[in-house]
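# Compute the structure for the input listed below.
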Amino acid sequence: MEFCLRKNYNEGRFFLLFCLLFHIGGQSNGYATPKTDSEMNKVDKLFFYDHPGIMDVSPPTTKNNHQEFCAGDLPTLHSVQINEASIIWYDKASHGEPLAPNSPIENNATYYAAQLIGNEESTQRLAVSISMISPSTPTTKNTVQLFSSTDNATIAELEVEETYIVWYDAPQAGNLLDLDTPLQNGMNYYAAQVTSICESNTRLMVQVEVHEPSDIKISKTVNNKHPMIGEKVVLTITVENDGISNFSEIVITEHLDRGYKYVNAKTLNGSYDITNHVWTLSALPAKATAVLHLEVEAIANGSYSSISALKASMPLDKNSQNNSAEITLEPSCINIYNEFTPNDDGDNDYFRIDCIETFPESDLQVFNRYGALVYQKKAYQNDWRGLANVNGVVGKGEILPTGTYFYILKTDALSENKTGWLFLRKE
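Numbers count the residues shown, from 1 in each chain. Got it, this is the predicted structure:
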């Protein structure tokens, strides 16, 4: 009986199989006797299952030799798809040290898998290349975003530059928020950008402030509420944006009663139409103020009003309680004549002040050009004929000389004293 002996069993399955067949078949004529298929299977099983050390293990297989992962998921070698169950990973196509299955995988790296059966691993390794998808962090023009409480704003109204966004309540992990989640004052919200199936690893934080709605306030003042007939006064109209959002296309109407005569309008904000008495502002930013100075003349007796009112704005001002302001003037019919001739000719013998009889609390004082008091009368009734009624430059009751004198008229009904000069002529 002859035997086929080889010291190196790894030199090839076919050579060993040939030797074994030769041994089993005998030597009837110097050649191995052909065997049937069933006999061949018996031989194959007998040899290779009883001698696993010389088995040629196939390399593992995969559905995709290039695999993509989301960087935010922190994938490991366990995450790589391989069809077979028992695998050893390497970072080289041959040789090298095995990698732990929980080793993190890196972008643009290639890893090599060997299949393990029993104690034998495949001499060939499967190469799998890796790409890590890492969407960039979302961006915004405003990391602090302001909203009105009346807007009932939701997550969907937060402003970011990118299109595909998901929102969370924490910078990492946390709860995914629905787009219809109401915004809360003082809360921080965190946005991740989504591309394909991956989210950005770093999230954008947006701080939310929810305030009461913006409000346009109109106020009005006048420099003299009791002007004399023919006297000019200045109405000052102030418009304030008391809120957090901007207004535009603001239209304010100015109603003037017939007792007023328009003189002039001055403003650094917008424009004033003198025909329709309309003040237009193209914009009024949050917390900004605009001022219009309107000069008018009092031309009639009685009391009459000036009303400034908001007619339009974008957006519409929802608080109408302070959208108008009114000033009522009460012009005085007082008219002080600055010359009289007390010469008993029956013409202009008395110092005359029109309507003075309607001011019983008045106080008239007359001084000479040196500042000395020469005449004083409470509740003056147009009865002064140029006589001194105090001792001083001349005696009390004496006739004052021709010349220029100065007067002060005080009355509670007037916002300020009336002052001026008068000329007393004796001839």
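# Domains in the chain, by residue range?
Under the assignment automatic domain parsing, the domains of the chain span 9-54, 66-133, 144-211, 216-329, 335-424.
# Tell me the spatial nearest neighbour of Pro227, not counting adjacent residues.
Nearest residue to Pro227 in three dimensions, chain neighbours excluded: Ala298, at 4.6 Å (Cβ to Cβ, 6 or more residues apart in numbering). All C-beta spots, glycine's among them, are computed from the backbone N, C-alpha and C.
# Now the one you found: phi and psi?
Main-chain torsions, Ala298, degrees, to the nearest 10: phi -80, psi 120.
# Report the beta-bridge partners for it.
Tyr260 (DSSP bridges).
# That one touches Gly230, doesn't it?
Yes - counting by Cβ atoms under 8 Å, Ala298 does reach Gly230; the two are 6.9 Å apart.
# And the two? Which one has more around it.
Taking neighbours as other Cβ atoms under 10 Å, Ala298 and Gly230 compare with Ala298 leading, 22 against 11.
# I'd like to know how far the more buried one sits from Leu177.
Ala298 sits 63 Å away from Leu177, going by Cβ to Cβ, to the nearest Å.
# returning to what we had before: please name whichever of the domains of the chain is nearest to Pro60.
Pro60 lies closest to domain 66-133 among these, at 4.3 Å (Cβ to Cβ).
# in the protein, which spans are helices?
Per DSSP state H, the chain carries helices over the ranges 13-25, 37-48.
# Give me the neighbour count for the closest residue to Thr61 other than its chain neighbours.
Counting by Cβ to Cβ, 6+ apart, Thr61 lies nearest to Asn83, which is 4.6 Å off, once chain neighbours are set aside. When neighbours are counted by other Cβ under 10 Å, Asn83 registers 11.
# which residues touch Asn83?
60-63 (Cβ atoms under 8 Å, 6 or more residues apart in numbering).
# Could you measure from it over to Arg125?
Separation of Asn83 from Arg125 (Cβ to Cβ) stands at 15 Å.
# Isn't Ala71 up against Glu199?
No - using Cβ under 8 Å, Ala71 is not in contact with Glu199, being 9.5 Å away.
# The two: who's more crowded?
The neighbour comparison of Ala71 against Glu199 (other Cβ under 10 Å) goes to Glu199, with 23 against 18.
# and the residue lying closest to the more buried one once chain neighbours are set aside, what are its bridge partners?
Nearest in space to Glu199, with sequence neighbours left out and distances taken as Cβ to Cβ, 6+ apart, is Ala192 at 4.1 Å. Bridge pairing for Ala192 (DSSP bridges) gives the partners Val166.
# which residues sit in contact with the residue nearest to Pro227?
Residues in contact with Ala298 (Cβ under 8 Å, 6+ apart) are 227-233, 259-261, 329, 331.
# For the stretch 301-427 of the chain, give me the ranges with low pLDDT.
Applying pLDDT under 70 to the stretch 301-427 of the chain flags the ranges 413-415.
# Swap in 80 and give it another go.
The stretch 301-427 of the chain contains residues with pLDDT under 80 at 301-302, 332-333, 358, 393, 412-416, 427.
# just the strands in it please.
For the stretch 301-427 of the chain, applying DSSP state E, counting those that start in this stretch gives strands covering 304-314, 324-329, 335-336, 339-340, 353-354, 363-367, 373-378, 403-410, 418-424.
# And those: which comes nearest Val394?
strand 373-378 (7.4 Å).
# Give me the residues contacting the closest one.
With contact meaning Cβ under 8 Å, 6+ apart, strand 373-378 is reached by 361-368, 384, 387-390, 392-394, 400, 405.
# Strands of the stretch 1-150 of the chain, start to end?
For the stretch 1-150 of the chain, the strands defined by DSSP E, counting those that start in this stretch cover 66-70, 87-90, 110-117, 120-121, 126-133, 144-148.
# can you pull the pLDDT of the residue lying closest to Lys266 once chain neighbours are set aside?
Counting by Cβ to Cβ, 6+ apart, the nearest residue to Lys266 once its immediate chain neighbours are dropped is His293, at 4.5 Å. You'll see His293 listed with a pLDDT of 97.
# With Gly230 instead?
pLDDT for Gly230: 80.
# Same question for Leu16.
pLDDT, read off for Leu16, is 44.
# same check, this time on Tyr260
Value for Tyr260, per-residue pLDDT: 86.
# Centre of the chain to stretch 274-282, how far?
Its chain's average C-alpha position is 30 Å from that of stretch 274-282, according to Cα atoms, centre = their mean, to the nearest Å.
# let's have the chain start at 47 instead
Shifting the count to begin at 47 puts that one at stretch 320-328.
# tell me the contacts of Gly443?
Contacts of Gly443 (Cβ under 8 Å, 6+ apart): 433-435.
# rerun that using 10 Å as the cut-off
The contact partners of Gly443, taken as Cβ atoms under 10 Å, 6 or more residues apart in numbering, are 433-437.
# just Ser177 next, same as before
112-115, 117, 153-155.
# For it, list each beta-bridge partner.
Glu114.
# ok, and the most crowded of the contacts of Asn129?
That'd be Pro106 among these, by other Cβ under 10 Å, with 23 neighbours.
# who touches that residue in this structure?
By Cβ under 10 Å, 6+ apart, Pro106 lies in contact with 128-134, 158-162, 167-168, 170-172, 174.
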